[in-house]
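> take this sequence and fold it.
(one chain, ligands or ions: 1)
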Amino acid sequence: MSHDPQRAVMEKAYARWAPVYDAVCGPIFLAGRRAAAAAARRVGGRILEIGVGTGLSFDDYDHTTRIVGIDLSRPMIDKAEARLATGRYPQVESLHVMDATQLEFADASFDCVVAQFVITLVEDPERVLDECARVVRPGGEIILVNHLYSEKGVGAAVERLFARVSRPLGLRPEFPFARLQAWADRHGGIGAIHRNPVQPLGVYTVVRFVREHDTAKASVAA
Ligand SMILES: C[S@@+](CC[C@H](N)C(=O)[O-])C[C@H]1O[C@@H](n2cnc3c(N)ncnc32)[C@H](O)[C@@H]1O
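The predicted model follows:
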């Protein structure tokens, strides 16, 4: 497993990405973004999006939800604020420049936390997941979408190779599901984990962690 990305590298990369992000990454991530937002709408209520980026996901929520978005990158949040200023998104409550490793929100203050194409890019993924679990209410969900590491075979070898050149670009193709499972096992407050490939191609995976009501042990449901 390679090192986790450094915060300074991410900030620099996304300052460069901000002007072209919607045109380049918007279509590539569309299916994954929609699948994660659909899962979040099923939970409903107050939703925190970490790494909200330019706010491409605003279109995927409706009046039944209230969205709070945070991102490390000022230039990405500037884009999201410009989108919000169109007046088309009354469901968006607020946007903040904030590091997901230190969420400035009270415990159990959200029904759901969503991270679309973010968890593989943060400096300390386990700490970010701890923070997500802290701010989500019992019975609420943490919903991630990402490309997850192939873990074996030719796919894994290609991803390892690509990883070396992609890191300075603020991308990370190699990240195993096993690491998410290990976090959930260690945390102890996760009642269930659901792992669903996004169709049609299954390139992305939506992972849902259900914050437990009681002391039931975590289990994986396909
Ligand atoms: C690939 S983009 C995804 C943006 C958006 N979620 C989407 O799907 O279009 C990753 C985002 O994560 C943000 N990010 C990286 N590390 C972060 C951190 N520690 N805290 C908050 N945001 C972070 C980046 O600034 C960037 O906007």
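
> residue 100 reaches residue 122, doesn't it?
Yes. Residue 100 is in contact with residue 122 according to C-beta atoms under 8 Å; the separation is 5.8 Å. The C-beta positions use only the backbone N, C-alpha and C, and glycine is treated the same way.

> need the overlap of contacts for the two.
Any residue near both residue 100 and residue 122 by C-beta atoms under 8 Å, 6 or more residues apart in numbering counts here, and that gives 51, 128.

> show me the contacts for the residue most central in space within the chain.
Nearest to the geometric centre of the chain sits residue 115, at 1.5 Å (C-alpha atoms, centre = their mean). Residue 115 makes contacts with 49-51, 100, 128, 132, 142-145, as judged by C-beta under 8 Å, 6+ apart.

> just the ones in strands from those residues, please.
The strands, defined by DSSP state E, take in 49-50, 142-145 from the contacts of residue 115.

> now which of the residues you listed would you call buried?
Buried by 16 or more other C-beta atoms under 10 Å: 49-50, 142-145, out of the ones in strands among the contacts of residue 115.

> can I get the residues you listed in JSON lines including distance to residue 209?
Formatted as JSON lines, those follow (distance: C-beta to C-beta, whole Å):
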{"residue": "49", "distance to residue 209": "16"}
{"residue": "50", "distance to residue 209": "13"}
{"residue": "142", "distance to residue 209": "4"}
{"residue": "143", "distance to residue 209": "8"}
{"residue": "144", "distance to residue 209": "8"}
{"residue": "145", "distance to residue 209": "13"}
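
> which of the residues you listed are close to the ligand?
For the ligand, the contacts drawn from these by C-beta under 6 Å from any ligand atom are residue 50.

> tell me which of the buried ones among the ones in strands among the contacts of residue 115 is nearest to the ligand?
residue 50 (5.6 Å; C-beta to the nearest ligand atom).

> tell me who's in contact with that closest one.
Contacts of residue 50 by C-beta under 8 Å, 6+ apart are 70-71, 100, 103, 113-115, 118, 128, 132.

> quick check: residue 70 touching residue 55?
No. Residue 70 is beyond contact range of residue 55, at 11.5 Å (criterion: C-beta under 8 Å).

> so what sits against both of the two?
residue 95.

> can you get me the start-to-end distance on stretch 101-118?
12 Å (C-alpha to C-alpha, to the nearest Å).

> packing partners of the lengthiest helix in the chain?
Taking DSSP state H as the criterion, the chain has its longest helix at helix 21-43. Contact here means 3 or more C-beta pairs under 8 Å, 6 or more residues apart in numbering; DSSP states H and E; on that basis helix 21-43 packs against helix 7-17, helix 74-84, strand 110-116, strand 136-146, strand 205-211.
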